[in-house]
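Undergrad: let's see this in three dimensions:
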Amino acid sequence: MPLLTLRDAHLTFGDRPLLDGAQLMIRSGERLGLIGRNGTGKSTVLRIIADVLALEEGEFERRAGLRIAMVEQEPVLPAEADLKASLLERARTVPHSCAFTAEQLHGADRDRWHMESRLAQFLHRFALTGTESPQGCSGGECKRAALALALASEPQLLLLDEPTNHLDIDGIRTLEEQVLKAPAAVIVTHDRAFLDATATRIVELDRGCLRSYPGNFSAYEARRDGQIAAEDLARRRFEKFWQQEEVWIRKGVEARRTRNEGRVRRLERLREARAERRDRLGNIKLALDPGERSGRLVAELTGVGHAFSGKPLIEALSTRIMRGDRVGLIGPNGAGKSTLIRIILGELAPGRGSIRLGTNLKVAYFDQMRERLDPEATLADAISPGSDWIAIGEERKHVITYLGDFLFPAHRAKSPVRMLSGGERNRLFLARLFARPANLLVLDEPTNDLDIESLELLEQRLQDYPGTLLLVSHDRRFLDNVATQTLVAEGDGLWRAYVGGYTDWLRQRPQPAAASRRPGDTPPASAAAQDTGSPPAQTSSAKRGRLGYLEGRELSALPGQIEALEQEQAQLSARMSDPAYHARGAEPIRADMRRLEGIEAELAAKYARWEALEARAAAQAGAAASALCGRTP
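TA: Below is the predicted model:
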């Protein structure tokens, strides 16, 4: 039995139908990626599934007792003494925020203890303690806290609305791991790498209909282009046939003489179908005007250091940014990415070191919180205050036409900015940013709330942009497609430069000790000493003496055992990603999930054992070599 079903669902906001006969079925074991253009109603679909919003027409069936938890785009935390108390209050007052039962929230001490214990566990996984003040939490901390509450309640269906917004890359990876363990999920996100890692099916909301595609986002991309081409061909054929019939009916006399009433009725149906047809929403029209070229040097930092409240954000950073560079800044929340950008732009003086700026710099700054948009200004005034015209390079456009390029209809030009959704506000900010020439473009989290089509178009324009780009983003695929080099915060104020985007950084960065090495790699001789803080001669491997015969055999067998476990893990993950996997039934799915968790635990234990034995073997070989050298005359 499916978890829930929508049949012939209809819902209209204003004069625009968001759902127009939509169909949807969700089964246990599925992780749906819900995608679509901004404003098409993706968040509305989540609210319907969560039973927060009712359909106007159609059927909505949900399995009895289904436990659902939903995390909104911008979760609100009640004002309480600390974060943990705020989340418990949210659980009591926002029914869809978690799947904790009334007994767990208000019942016996044992039930409450179990609930609070799980909440503390998931807060720790998202790098929170629960003692933070909810009023002082950043957007990323609020999102991580709401995610921890939802996941701790063990929902049977998890609903996530733009869950990666405001999360850093470590937070996104943690969320990926938890979503893969969820019994079922529906995820609204623009993060294509996240969809590739988690989704078993893509559902596209397009003109009121829900279209389903098996597999992850990459599989959807492969099929989407062919479907759009087929749809365009069908539309052109329809238009051609309709025009032919219109020409025939206008002949009048011939139409009446032939008395082909069936053909006349068919034309009436064609006219009705054409009037009711909803064409695919167009793409925004992005044009970047670099203006005059800047000098060859954009910025040079020499020994730059900066701290905030005693915490070092930047230590002894020396780097050069040249004209045409596209630099991606990577680091966890609070690492100082925005601070570093302000120093590069000369807006903030560094605590130590010096910065030299290039000549003829024209900067356009896309700030993370869109704080530079006046919420009371109209859309037209936000783009071109005091004028009805905009100059884009050598082209001059009326502000209404320019807003239309960014998918804002003419009647909304006088609407206030505060009426816009997050995605629309993002588009408006891009429109204002690109309405003026700039040879240094600074984008701080530009992908938040942008739909995937607009995101891909922005990528294309940035790839062709001849100016210099500074980019702060946690969108891994966006970084791969745009950045030519990265500046990465590696902790304690250390920043290091790498060539290429996010994936290139993963290949080049220093690898962590045990978890990232594969069987057969030789661990560093000093690894054990670094872990304990003792010199190699005093490590436990030296104290333990020689590696025994059985331990030697165990060490030889471990690489093969690890490889077999990883193959089983890959096969199991592939089976669980199969579109027909849900048909296996609930019990086999639960068994597979338990086995997947068991494999992860076995791998961790075997890696730890392999490293310990390998370190002892290396120490033993070193001792033997030293003894041999001592006997050499």
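
Undergrad: could you list the low-pLDDT ranges of the stretch 251-400 of the chain?
TA: Low-confidence segments of the stretch 251-400 of the chain (pLDDT under 70): 251-287, 368-372, 393.

Undergrad: can you do 80?
TA: 251-291, 366-373, 386, 391-395 (pLDDT under 80).

Undergrad: now the helices for it?
TA: All helices of the stretch 251-400 of the chain, identified by DSSP state H, counting those that start in this stretch, fall at 253-258, 261-276, 337-344, 379-383, 399-405.

Undergrad: show me what the third one is packed against.
TA: It stands for helix 337-344. Applying 3 or more Cβ pairs under 8 Å, 6 or more residues apart in numbering; DSSP states H and E, one finds that helix 337-344 contacts strand 297-308, strand 311-322, strand 326-330, strand 440-444, strand 468-472. (Each C-beta comes from the backbone N, C-alpha and C, glycine too.)

Undergrad: mind checking which of those is nearest F13?
TA: Smallest distance to F13 across the helices and strands packed on helix 337-344 (Cβ to Cβ): 31.1 Å, for strand 440-444.

Undergrad: model confidence over the closest one, on average?
TA: In this model, strand 440-444 has a mean pLDDT of 91.

Undergrad: so the helix or strand following it versus strand 440-444, what angle?
TA: Later in the chain than strand 440-444, the nearest helix or strand by DSSP states H and E is helix 452-464. Going by axes from the mean of the first three to the mean of the last three Cα atoms, to 10 degrees, helix 452-464 is angled at 150 degrees with respect to strand 440-444.

Undergrad: quick thing: my sequence starts at 582, can you match it?
TA: From this message on, residue numbering opens at 582, which makes the last subject helix 1033-1045.

Undergrad: state the mean pLDDT of helix 1033-1045.
TA: 84.

Undergrad: which strands and helices sit next to it?
TA: Short answer (3+ Cβ pairs under 8 Å, 6+ apart): helix 1033-1045 packs on helix 1057-1063.

Undergrad: that older thread, now for the helices and strands packed on helix 918-925, which one comes closest to L1153?
TA: strand 907-911 (31.2 Å).

Undergrad: what about the nearest residue to V1069 once chain neighbours are set aside, how many residues close to it?
TA: Counting by Cβ to Cβ, 6 or more residues apart in numbering, I911 is the residue found nearest to V1069 once chain neighbours are left out, at 4.6 Å. For I911, the neighbour count with other Cβ atoms under 10 Å is 26.

Undergrad: what's the answer for I629, then?
TA: That count, for I629 with other Cβ under 10 Å as the rule, works out to 23.

Undergrad: need phi/psi at it.
TA: I629 adopts backbone torsions of phi -70, psi -50, taken as degrees, to the nearest 10.

Undergrad: that one: what's its closest spatial neighbour, skipping adjacent residues?
TA: Closest to I629 by Cβ to Cβ, 6+ apart is L636, at 6.4 Å.

Undergrad: likewise for Y801?
TA: I783 (4.0 Å).

Undergrad: what residues are up against the one you found?
TA: 613-614, 616, 776, 793-794, 796-798, 800-801 (Cβ atoms under 8 Å, 6 or more residues apart in numbering).

Undergrad: pull the helix or strand with minimum mean pLDDT from the chain.
TA: helix 1108-1113 (a mean of 35; mean pLDDT, DSSP states H and E).

Undergrad: quick one, strands of the stretch 682-831 of the chain?
TA: Under the criterion DSSP state E, counting those that start in this stretch, the stretch 682-831 of the chain contains strands at 738-742, 766-769, 782-787, 790-795.

Undergrad: about what we covered before: of all the helices and strands packed on helix 918-925, which one comes closest to L929?
TA: Across those, closest to L929 is strand 878-889 (Cβ to Cβ), at 7.8 Å.

Undergrad: what packs against that closest one?
TA: Strand 878-889 packs on strand 892-903, helix 918-925, strand 933-938, going by 3+ Cβ pairs under 8 Å, 6+ apart.

Undergrad: residues of it that come out buried?
TA: 879-882, 885, 887-888 (16 or more other Cβ atoms under 10 Å).

Undergrad: over to stretch 984-997?
TA: Buried-residue list, stretch 984-997, by 16+ other Cβ under 10 Å: 984-989, 993-994.

Undergrad: mind putting those residues into TSV with distance to I971 and pLDDT?
TA: Compiled in TSV, the buried residues of stretch 984-997 are given as follows (distance: Cβ to Cβ, whole Å; pLDDT from 0 to 100):
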residue	distance to I971	pLDDT
L984	10	86
G985	12	84
D986	10	81
F987	12	80
L988	16	78
F989	13	82
R993	17	84
A994	13	86
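
Undergrad: out of those, flag the one nearest to R1176.
TA: Nearest to R1176 among those, with distances taken as Cβ to Cβ, is L988, at 47.1 Å.

Undergrad: how much space separates the closest one from L730?
TA: 35 Å (Cβ to Cβ, to the nearest Å).

Undergrad: what of D1025?
TA: 28 Å.

Undergrad: more neighbours: which of the two?
TA: L730 (28 against 19).

Undergrad: my read: the more buried one touches K665, true?
TA: No: with contact defined as Cβ atoms under 8 Å, L730 does not count as touching K665 (9.8 Å).

Undergrad: any residues in contact with both of the two?
TA: By Cβ under 8 Å, 6+ apart, the residues touching both L730 and K665 are L700.

Undergrad: show the pLDDT at E820.
TA: 67.

Undergrad: likewise for N797?
TA: For N797, pLDDT reads 92.

Undergrad: now it, what are its backbone angles?
TA: Main-chain dihedrals, N797, degrees, to the nearest 10: phi -90, psi -170.

Undergrad: that one and A726, how far apart?
TA: According to Cβ to Cβ, N797 stands 28 Å off from A726.

Undergrad: likewise for D589?
TA: Taking Cβ to Cβ, one finds D589 at 38 Å from A726.

Undergrad: can you give me the pLDDT of the residue nearest in space to the middle of the chain?
TA: Closest to where the C-alpha atoms of the chain average out (Cα atoms, centre = their mean) is D772, at 3.2 Å. Looking at D772, its pLDDT reads 93.

Undergrad: equivalent analysis for W1076, please.
TA: Per the predicted model, pLDDT is 95 at W1076.
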